[in-house]
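A.B. asks: I'd like to go over a predicted model; first the sequence, then the structure.
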Amino acid sequence: MSERFHLATPPRDGTASLEGDEARHLVRVLRAKVGDSVTLFDGRGQAWEASVASIGRERVSLALGPPRPAAAPPAVPVTIAVALPKGDRQKWMVEKLTELGVSVLVPLVTSRGVAEATDSARSRLERGVIEACKQCGRDTLMAIGAAETIGTLLAGLPAGTRAVIADPGGVPLEAALPTGHDATTAVVVLVGPEGGFTPEEVATAEAAGCVRVSLGHHILRIETAAIAAAARLV
Ligand code: SAM
């Protein structure tokens with residue numbers, strides 16, 4: 001597989017251009033030359049083989065080959081709504097959730113949460129998604145949703161979405177979402193902060209129809225819980 005680059009702007013008339021981080025990666029890190037082959041993906045499921053046509057100071061132009069067949073969407077769209085951990089653990093979590101095929105990550109606003117989804121945090125998350133897609137071959141970006149409380153998130157879910165709240169005292173995840181459930185049904189998993197959800201937050205989730213689900217016998221860090229749920233559902 002050739003090196004992969006994310007196209008921020010759609011191609012036109014068989015040509016595309018890379019700017020910013022992507023252009024710098026191609027030119028300064030990989031030392032690309034005119035004629036080199038790369039793979040471009042638009043983050044919405046489409047990818048192309050392409051060759052470098054010209055290299056400018058801040059911009060690289062590329063000539064596109066034929067598009068590759070669009071990747072199939074995941075059978076079950078999974079949203080992980082999670083109280084963000086801090087620093088490198090946040091970065092690691094985004095990388096793994098992207099690799100696993102999670103459709104949407106929602107930063108969950110909770111009483112005991114410690115990391116806010118500021119504009120700069122969102123930019124870092126979005127950059128982390130692109131980096132993971134480049135590395136793992138995923139052509140559709142994991143979306144980073146707006147920050148939500150449990151109440152607003154669950155009130156806005158489309159009808160038929162199955163939502164569960166990760167809680168060490170819950171029933172096994174597989175019991176709440178048995179194998180063979182309608183494969184097109186979207187699933188949302190709520191994962192709490194290091195201090196856990198408050199009783200009020202758990203009550204809000206249960207009142208909105210969430211089942212409390214366990215992910216194992218031990219108490220998991222935030223990112224471990226998010227990844228464990230994703231690995232079983234996607
Ligand atoms: N002392 C906190 C508690 O008792 O909830 C621990 C919080 S844990 C570090 C962070 C989050 O991960 C929890 O709020 C929960 O959503 C999830 N989690 C951790 N271990 C879990 C498990 N074994 N089963 C289900 N969810 C778990």
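C.D. replies: It's in. Just so you know, these numbers come straight off a predicted model, no measurement behind them. Numbering: from 1, shown residues only.

A.B. asks: which residues touch the residue nearest the centre of the chain?
C.D. replies: Nearest to the mean C-alpha position of the chain, counting by CA atoms, centre = their mean, stands Met142 at 3.1 Å. Under the criterion of CB atoms under 8 Å, 6 or more residues apart in numbering, the contact partners of Met142 comprise Val94, Leu97, Thr98, Val102, Ser103, Val104, Leu105, Val129, Ala132, Cys133. All C-beta atoms are positioned from the backbone trio N, CA, C, and that covers glycine.

A.B. asks: quick one, strands of this protein?
C.D. replies: For the chain, the strands defined by DSSP state E cover 4-6, 15-19, 37-41, 47-55, 59-67, 78-82, 104-109, 143-144, 148-149, 162-172, 187-191, 211-214.

A.B. asks: so how far is the last one off the chain centroid?
C.D. replies: Yep, that's strand 211-214 we're talking about. Mean-position distance between strand 211-214 and its chain equals 22 Å (CA atoms, centre = their mean, to the nearest Å).

A.B. asks: again with the third one
C.D. replies: The chain centroid and the centroid of strand 37-41 are separated by 21 Å under CA atoms, centre = their mean.

A.B. asks: So which elements touch that strand?
C.D. replies: Contact analysis of strand 37-41 by 3 or more CB pairs under 8 Å, 6 or more residues apart in numbering; DSSP states H and E lists strand 4-6, strand 47-55, strand 59-67 as its packing neighbours.
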